[in-house]
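# below is the structure, and that's it, no one-letter string:
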Ligand SMILES: Nc1ncnc2c1ncn2[C@@H]1O[C@H](COP(=O)(O)OP(=O)(O)O)[C@@H](O)[C@H]1O
Ligand SMILES: [Mg+2]
């Protein structure tokens, strides 16, 4: 049953409306003035959502009653009863949010119609509220589901990464073991048959493969260790010269000319020397390999390490290290996989971790690595750091 509050200062009208609307199935509460009406409304605490109020009343006027009711609960539907032809009040009441107005003397059909419309409005707005609430709940549920799915995905990606790492390692170690076994077999046979040459070759294989294990272990350590860069004031050109010195033997062995082109203006910088050293050794070693793998033997192979002091867009100073080779170069396919774990085209002779470590070290110092390469022409790796490392 719909609760209905009727406020009118004329007792006769109240009584007639009470009898009529009760017979129409409403639970009617009456009040003889605005003050009493408001008190009842508040006391019911949301129990009443349909009000009929007269406009012209002493003390608190109908419009004021309407305003206060709307202030307490804007969803309450209020029908105002205006004096005949009192259009101003009617319009005013609509402005305050009255759902309807009817004229005096009150005609029952008009009143029933107005009540019917108000009830429909109430039903619709409560439906709307339900929808909104349902929607919010649905969104919450879906958000939760999505978050769970995302977490599961991340976990499975993590497992996949570990899986890939282990598979890559196992493959690499298997190759080394094959090499070791082969070497040992040759040593055994060489000894049994008294063939010194075979023993020597076998021993060489064993040594090379032990070397590989130690390279792998070192690379893995560098790759997995979370290392904070330790910046010191140093000379970038000096780091290059030291690195080049370390690689000179390898270059010489393969007939690769190793040279430098250093910027004399680049006196000092705040950099992590050990990190840069590792980066340069990786890049130079790859560059020499690229010459080694080059099929064009008419070339004079050369690896050049270059430094430059550049200024960036924000007028900060940037240090550029470049390792340039005129070796085999690389295809787009290789270029796309450069920084992938265990990616190597060197058939078991490389760990496929060098560039990954390089990238990690450079990023740790807020720097950037880029590469340009052309098959048959050669490759240039560029590494840029902010001169005073504030970038990271
Ligand atoms: N300077 C270069 N010229 C041509 N290819 C290169 C060069 N540097 C790297 N690459 C390619 O990138 C691959 C990955 O390099 P890296 O991560 O250092 O692993 P690795 O040297 O152990 O193979 C190399 O196997 C090679 O194919
Ligand atoms: Mg390498």
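Arrived safely. Just so it is clear, the structure is predicted and the values come from calculations on it, not from any experiment. Ligands and ions are numbered 1, 2, ... in the order given.

# contacts and neighbour counts: CA atoms only from here.
OK.

# the helices in the stretch 251-392 of the chain, which residues?
273-292, 332-337, 354-364 (DSSP state H, counting those that start in this stretch).

# need the ones you listed in JSON lines with mean pLDDT and distance to ligand 2, can you?
Conversion of the helices of the stretch 251-392 of the chain to JSON lines gives the following (pLDDT from 0 to 100; distance: least, C-alpha to the ion, whole Å):
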{"stretch": "helix 273-292", "mean pLDDT": "95", "distance to ligand 2": "5"}
{"stretch": "helix 332-337", "mean pLDDT": "94", "distance to ligand 2": "13"}
{"stretch": "helix 354-364", "mean pLDDT": "92", "distance to ligand 2": "4"}
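
# how about the strands in the stretch 101-250 of the chain?
232-234 (DSSP state E, counting those that start in this stretch).

# give me the low-pLDDT residue ranges for it?
The stretch 101-250 of the chain contains no residues with pLDDT under 70.

# near ligand 2, which residues of the stretch 251-392 of the chain?
Contact residues (C-alpha under 5 Å from the ion) of the stretch 251-392 of the chain with ligand 2: 286, 354.

# just the strands from the stretch 251-392 of the chain, written as ranges.
For the stretch 251-392 of the chain, applying DSSP E, counting those that start in this stretch gives strands covering 257-261, 269-271, 302-311, 317-325, 368-374, 378-386.

# close to ligand 1, is the third one?
No. Under the criterion of C-alpha under 6 Å from any ligand atom, strand 302-311 makes no contact with ligand 1; the nearest approach is 9.2 Å.

# begin at 27 from now on, thanks
Done: numbering now begins at 27, and the last item shifts to strand 328-337.

# so for residue 36, which of the helices of the stretch 277-418 of the chain sits nearest?
Residue 36 lies closest to helix 380-390 among these, at 85.3 Å (C-alpha to C-alpha).

# got the buried residues for that closest one?
Within helix 380-390, the residues scored as buried using 16 or more other C-alpha atoms under 10 Å are 380, 381, 382, 383, 384, 385, 386, 387, 388, 390.

# ok, now stretch 264-279?
Within stretch 264-279, the residues that count as buried by 16+ other C-alpha under 10 Å are 265, 266, 269, 270, 273, 276, 277.

# domains for this structure, by residue range?
Domain ranges of the chain: 29-132, 174-250, 258-412, per automatic domain parsing.

# please identify which of those domains is closest to residue 168.
Comparing the domains of the chain under C-alpha to C-alpha, the one sitting nearest is domain 174-250, at 9.7 Å.

# how far out from the middle of the chain is that closest one?
Using C-alpha atoms, centre = their mean, to the nearest Å, the mean C-alpha position of domain 174-250 is found 37 Å from that of the whole chain.

# end to end, how far does it reach?
The first and last residues of domain 174-250 sit 28 Å apart, counting by C-alpha to C-alpha, to the nearest Å.

# stretch 77-95 too?
Start-to-end, stretch 77-95 (C-alpha to C-alpha) is 9 Å.

# how near is the spatially most central residue of the chain to residue 182?
Residue closest to the average C-alpha location in the chain (C-alpha atoms, centre = their mean): residue 176, at 11.6 Å. Residue 176 sits 10 Å away from residue 182 when distances are taken as C-alpha to C-alpha.

# could you tell me how far residue 211 is located from residue 225?
Here the criterion is C-alpha to C-alpha. By it, residue 211 lies 9 Å from residue 225.

# one more: residue 62?
115 Å.

# these two: which has the busier surroundings?
residue 225 (22 against 14; other C-alpha atoms under 10 Å).

# burial of the nearest residue to that one once chain neighbours are set aside, as a residue count?
What sits nearest to residue 225 in space, not counting adjacent residues and going by C-alpha to C-alpha, 6 or more residues apart in numbering, is residue 213, at 4.3 Å. Number of residues near residue 213 (other C-alpha under 10 Å) recorded here: 25.

# surely residue 227 touches residue 209?
Yes. Here residue 227 reaches residue 209: they are 7.4 Å apart, a contact under C-alpha atoms under 8 Å.

# those two: who's more crowded?
Counting neighbours by other C-alpha under 10 Å for residue 227 and for residue 209 shows that residue 209 has the greater number, 23 against 16.

# residue contacts, the more buried one?
Taking C-alpha atoms under 8 Å, 6 or more residues apart in numbering, we find residue 209 in contact with 227, 228, 229, 230, 231, 232.

# reformat the residues you listed as JSON lines; add distance to residue 253.
Formatted as JSON lines, those follow (distance: C-alpha to C-alpha, whole Å):
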{"residue": "227", "distance to residue 253": "40"}
{"residue": "228", "distance to residue 253": "39"}
{"residue": "229", "distance to residue 253": "37"}
{"residue": "230", "distance to residue 253": "35"}
{"residue": "231", "distance to residue 253": "34"}
{"residue": "232", "distance to residue 253": "33"}
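
# tell me which of these is nearest to residue 251?
For the contacts of residue 209, the nearest to residue 251 is residue 232 (28.6 Å; C-alpha to C-alpha).

# residue 80: neighbouring residues, count only.
Neighbourhood size, residue 80 [other C-alpha under 10 Å]: 27.

# whoops, residue 48 was the one
14.

# okay, and it sits in which element?
Assigned by DSSP states H and E, residue 48 belongs to helix 37-49.

# which of the residues in that helix are buried?
For helix 37-49, a neighbour-count test (16+ other C-alpha under 10 Å) marks 40, 43, 44, 47 as buried.

# show me the contacts for residue 207.
Listed by C-alpha under 8 Å, 6+ apart, the contact partners of residue 207 are residue 232.

# between the domains of the chain, which one is closest to residue 155.
With C-alpha to C-alpha as the yardstick, what comes closest out of the domains of the chain is domain 29-132 (10.9 Å).

# what's the nearest residue in the stretch 77-226 of the chain when you look at ligand 1?
residue 198 (10.9 Å; C-alpha to the nearest ligand atom).

# so that residue makes contact with residue 374?
Yes. Between residue 198 and residue 374 there is a contact under C-alpha under 8 Å: 6.6 Å.
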